[in-house]
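> whatever this is, show me its structure:
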Amino acid sequence: MRHPAYNPARIILADPPWQFGDRLPGPKRGASKHYRTMSTLAIAALQLPPIADDALLFLWRVAAMQPDALTVVRAWGFEVKSELVWIKTGPRMGMGHYTRLDHEVCLIATRGHGITLIANHATRSVVQAPRGKHSEKPPATYEAIEQLVGSNGPKVELFARRHRPGWVCIGTALGTTLEPRR
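Residues are numbered from 1 along each chain as shown. Sure thing, here's the model as predicted:
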């Protein structure tokens, strides 16, 4: 895909379609039954849109694939500095091999002097919000990220499912994709 013309992104949000090695029974259990997944190496090798020298990356990771998330962060030229945690509220229980997972983690990583893009150091690291559809992140997580970075931008969401005001959104659900690096 040819990326739309805009200044290099300073804020990048990504919720990659992580490919799990397990095969869960049933018609709805597991990411691959909801969307096309990608290997860690394929995610790490994506040609990203232009990114500023000083930038922040918000990368959602899954508990079973922590080293994979770090591989992607490094491949994309970032260094992990913090995290945002979404506590899933409501009656449904999460999946998991060891414990039933009722939270998700979004790594916060920097490139260059990305720390200078933090607009509100009082932003809390934990968001509590109900679950939505499979892998869908609640509005409260976007609000926390936007509170943290303020008007700093441009902002790009990779693997987006819908358009978001103030963001360049790239995702197969929107008819745009990222291609492997050449």
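
> CA atoms for contacts and neighbours, from now on please.
Fine.

> and residue 133, how many neighbours?
Close neighbours of residue 133, defined as other Cα atoms under 10 Å, add up to 8.

> let me know the helix or strand that it is in.
Counting by DSSP states H and E, residue 133 is held by no secondary-structure element, helix or strand.

> just the pLDDT for it.
With respect to pLDDT, residue 133 scores 83.

> residue 107 and residue 83 touch, don't they?
Yes. Under the criterion of Cα atoms under 8 Å, residue 107 lies in contact with residue 83, with a separation of 4.4 Å.

> ends of stretch 93-102, what's the gap?
Across its full length, stretch 93-102 reaches 7 Å between end residues, using Cα to Cα, to the nearest Å.

> to clarify, my last question referred to stretch 39-50.
Termini of stretch 39-50 sit 23 Å apart (Cα to Cα).

> so what touches it?
For stretch 39-50, contacts defined as Cα atoms under 8 Å, 6 or more residues apart in numbering pick out 3, 7-9, 16, 18-19, 68-69, 71-73, 75-76, 178-182.

> and what of stretch 107-124?
Taking Cα under 8 Å, 6+ apart as the criterion, the residues outside stretch 107-124 that touch it are 10, 53-61, 73, 77-84, 144, 147-152.

> show me which of those residues are buried.
When burial is judged by neighbour count using 16 or more other Cα atoms under 10 Å, the buried members of the contacts of stretch 107-124 are 10, 54-61, 73, 78-80, 83-84, 144, 147-149, 152.

> please narrow these to those residing in strands.
Members of the buried ones among the contacts of stretch 107-124 lying in strands (criterion: DSSP state E): 10, 54-61, 79-80, 83-84.

> out of those, who's nearest residue 135?
Relative to residue 135, the closest of these is residue 60; by Cα to Cα it sits at 10.0 Å.
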